[in-house]
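>>> give me the fold of what follows.
(chains A and B)
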Amino acid sequence: MAADTSIREALASAVADVLERMFFREALGEAAEPPPEAGTVTVNLTFDGDPPGDFRMRIARPAADTIAADFLGEDAESLTPRQSADVALELANMICGAVLSRVESRATFRLGAPQIAAGDTGPLAPAEENRYTVETGSGTLTVAIRMNTLACPKTETFVS
Amino acid sequence: MAYRVLIADDSPAMRSFVRRTIELSGFELSACFEASDGAQALALLQHEWVDAILTDINMPGVDGEELLRRLSSDELLRAIPAIVISTDATQNRIARLLALGARGYVTKPFRPETLRAELERTLGVPSD
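Presented below is the predicted three-dimensional model:
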């Protein structure tokens, strides 16, 4: 599916809104998507709805830890890896829900359970998918969403 | 007056955030209980009375919708106001959950004052 401007705008707006309201952090503007590397946290989740699809988020480890500390009201140094992962899962859940609420405002959707992708250093998503990268102040956050369009069956013409 | 609140959410990070947000907002809490799903919430309500329930929708096992159904069908528990906290801001979902018995709905992301205002409205606390 080709990138859709309205979905991309929804991604940008949802990221800014979630970071500001729930993580007390200002999105510092769009950034170049960094190449895949170790030391990032990747979260995948699927959703049912009209249409269904999947959502991915990749965040630099320092950004994940800082954001988790802000969210939980603790020092970044005292966070456990589990706490940081839990907050990353919640961040992905909130951004995906906020995007879908913007683009499917009349439909009902259901989010699956977000999952940490272990050892994932591959590309986040194909280049043509809707994606957005933002600088958080302690590293980049990239989100990508794919909406699955249902293929209509081909119609056949019978000539008698 | 201080209130007893139950937070039902499968995310420990979200439970912690909601609890801290309520406390920092100045809302008076005398007790705050946590449950990781609807079943645990219902079990806790067998021996603890609360003034309000804050619940997520998507939880494993007994989810938020089923929790609302079970609360509504219980003669005692239906008196406890339940507020849904969810990422889903679609009108269909909000209408559905209010029809199931939710007394309030807060969409994530929310500002701390929004959560406090919804709690106060639901509990009939006079505004400052």
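
>>> all the strands of the chain, in order from the start?
Went with chain A since none was named. Per DSSP state E, chain A carries strands over the ranges A:40-48, A:53-60, A:110-111, A:115-116, A:130-135, A:140-147.

>>> should've been chain B
Going by DSSP E, chain B shows strands at B:3-8, B:29-35, B:52-55, B:82-86, B:104-107.

>>> from memory residue A:20 sits against residue A:28, does it?
No: using CB atoms under 8 Å, residue A:20 makes no contact with residue A:28, being 11.5 Å away. Any C-beta I mention is one placed from the backbone N, CA and C, and that applies to glycine too.

>>> still on that earlier bit, so which of the strands of chain B gets nearest residue A:14?
Across these, residue A:14 has its closest neighbour in strand B:104-107 (11.8 Å, CB to CB).

>>> so what's the residue count around the closest residue to chain B within chain A?
Closest residue of chain A to chain B, CB to the nearest CB: residue A:97 (2.3 Å). Residue A:97 has 27 neighbours, counted by other CB atoms under 10 Å in any protein chain shown.

>>> for the chain, what spans make up the helices?
Because you didn't say which chain, this covers chain A. A:5-23, A:61-72, A:81-103 (DSSP state H).

>>> chain B, not that one
Counting by DSSP H, the helices of chain B are B:12-24, B:38-45, B:64-72, B:91-99, B:112-123.

>>> any chance of those helices in CSV, with mean neighbour count too?
As requested, those are arranged in CSV below (neighbours: other CB atoms under 10 Å in any protein chain shown):
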stretch, mean neighbour count
helix B:12-24, 19
helix B:38-45, 20
helix B:64-72, 21
helix B:91-99, 15
helix B:112-123, 18
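
>>> quick check: residues of chain A near chain B?
A:17-18, A:20-22, A:68, A:71-73, A:83, A:86-87, A:89-90, A:93-94, A:96-98, A:100-101, A:104-111, A:113 (CB under 8 Å from any CB of the partner chain).

>>> show me where pLDDT drops low in chain B?
B:127-128 (pLDDT under 70).

>>> for it, what lies in contact range of chain A?
Residues of chain B lying near chain A (CB under 8 Å from any CB): B:11-14, B:16-17, B:20, B:58, B:60, B:86-93, B:96, B:107-111.

>>> redo that, cut-off 7 Å
B:11-14, B:16-17, B:20, B:58, B:87-93, B:108-111 (CB under 7 Å from any CB of the partner chain).

>>> which of the helices and strands in chain A ranks last by mean pLDDT?
Ranked by mean pLDDT, DSSP states H and E, the weakest helix or strand in chain A is strand A:110-111, scoring a mean of 85.

>>> helices or strands up against that strand?
Applying 3 or more CB pairs under 7 Å, 6 or more residues apart in numbering or on different chains; DSSP states H and E, we find strand A:110-111 packed against strand A:40-48, helix A:81-103.

>>> so who does whatever residue of chain B ends up closest to chain A touch?
Taking CB to the nearest CB, chain A has its nearest neighbour within chain B at residue B:87, 2.3 Å off. Listed by CB atoms under 7 Å, 6 or more residues apart in numbering or on different chains, the contact partners of residue B:87 are A:93-94, A:97-98, A:111, B:108.

>>> want to throw those into JSON lines with distance to residue B:40?
Below are the contacts of residue B:87 laid out as JSON lines (distance: CB to CB, whole Å):
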{"residue": "A:93", "distance to residue B:40": "20"}
{"residue": "A:94", "distance to residue B:40": "22"}
{"residue": "A:97", "distance to residue B:40": "23"}
{"residue": "A:98", "distance to residue B:40": "27"}
{"residue": "A:111", "distance to residue B:40": "21"}
{"residue": "B:108", "distance to residue B:40": "21"}
